[in-house]
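> no sequence for this one, just the structure:
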């Protein structure tokens, strides 16, 4: 099947932040084209947003229900192949469910949805329909994250002992939600964000990154959530002690009131033979510390000492930054390659089957629920 995959978008209209990121990432490799959208809950804004993107007026819809229904009625050679959902959390479930029920694959921004019940229903739908579903935990798309994962998978660190993952931001150090700042408004609103604030927004990224790199699942946790900004309705800081499979112990810290911090997601993993460290704000480097030899700094673009999984997701020559958009694009490219193969009745290369799934989304929702529950109880440890 030699054509681009056709994407319809829900959300991401004028004034939105993440929608433009998704569109850039989807377009980067030439595998995907945006053909339609329902870009806002306001029909007029949706139409204006579609015009800004040079889409035909008859492919710009007033809501996602109309989009899915009308696209399904189009000939197979014209209709969209999948939808990309880039709305606030409370508007993930509806379009994802309807898309799956009508035969469309889905790419969804994280977290998976608003509640645990919705997450489990989507998981069942994906299993029932057999359709592709990708969740944009974009940090898994970085080449050196994949290098770290493969080093651990191949035993280079030995048995894992300690995992430390941190995600400090400072952008909510003041009550920004009272200043007409759209991104702060919905993320701090329980009716739109869900039961967690910082832990739902960025704590899920930290949880996903730790499980992705190490290959270990969290078994138990002991959490302490805080709301430091007076009058805020959801947590803006949290600390979690973790117990992983196979005896590894961990610490997860997520904060949006770490004054002056930008977006410093980072992880350190220590095994019996070696340790490694990666920072999102310095993504080209993976620091490896050995028990019996000097520290190494592995860099993207230098292929002699990297795994094929890292090389396949490296886009630029050594010394040039592998960035946020490129990591997002790796997820969209892999998804598009797998979708094209599936539509053609073929099996894609295993290296391209690497993107977060609905099951990762369910893990994220379980994490959020257990963290909130753990923080609210006097009981020390809760099973995950």
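Everything's here; your move. These figures come from a predicted structure and were not determined experimentally.
> Could you measure from the closest residue to residue 63 other than its chain neighbours over to residue 14?
Spatial nearest neighbour of residue 63, excluding adjacent residues (CB to CB, 6 or more residues apart in numbering): residue 38 at 5.3 Å. Where C-beta positions appear, they are placed from N, C-alpha and C, glycine not excepted. From residue 38 over to residue 14 the distance is 13 Å, taken as CB to CB, to the nearest Å.
> These two: which is more packed in?
Counted by other CB atoms under 10 Å, residue 38 and residue 14 do not tie: residue 38 has more neighbours, with 28 against 13.
> Please name the bridge partners of the more buried one.
residue 10 (DSSP bridges).
> contacting residues for it?
Going by CB atoms under 8 Å, 6 or more residues apart in numbering, residue 38 touches 8-11, 46, 60-64, 66-67.
> Can you point out the helix or strand that includes the residue of the chain positioned farthest from its centre?
Largest separation from the mean C-alpha position in the chain: residue 292, at 36.0 Å (CA atoms, centre = their mean). Assigned by DSSP states H and E, residue 292 falls within no helix or strand.
> okay, and the helix or strand of the chain with the least pLDDT?
The weakest-scoring helix or strand in the chain, judged by mean pLDDT, DSSP states H and E, is strand 382-383 (a mean of 87).
> name the helices or strands packed onto it?
Under the contact criterion of 3 or more CB pairs under 8 Å, 6 or more residues apart in numbering; DSSP states H and E, strand 382-383 touches strand 218-226, helix 358-376.
> could you redo the last one with a cut-off of 6 Å?
The helices and strands touching strand 382-383, judged by 3 or more CB pairs under 6 Å, 6 or more residues apart in numbering; DSSP states H and E, number zero.
> Please identify the helix or strand for residue 243.
With DSSP H and E as the test, residue 243 turns up in strand 237-244.
> who touches that strand?
Residues outside strand 237-244 that contact it (CB atoms under 6 Å, 6 or more residues apart in numbering): 199, 216, 218-226, 228, 250, 252-255, 257.
> hmm, try it at 8 Å
Taking CB under 8 Å, 6+ apart as the rule, strand 237-244 contacts 160, 163, 198-199, 203, 210, 214, 216-228, 249-258, 371, 374-375, 381.
> circling back to that earlier point, now do the residue farthest from the centre of the chain against residue 298, distance only.
18 Å.
> May I have the beta-bridge partners of the nearest residue to residue 252 once chain neighbours are set aside?
Among residues not flanking residue 252 along the chain, residue 240 sits closest, at 4.3 Å (CB to CB, 6+ apart). Taking DSSP bridges as the rule, residue 240 bridges to residue 223, residue 252.
> Residue 240: neighbour count?
Residues lying near residue 240 (other CB under 10 Å) number 25.
> now swap in residue 73 and tell me
Residues near residue 73, counting by other CB under 10 Å, number 8.
> contacting residues for it?
Going by CB under 8 Å, 6+ apart, residue 73 touches residue 79.
> Angles on the backbone of it, please.
The phi/psi pair for residue 73 (degrees, to the nearest 10) reads phi -80, psi -10.
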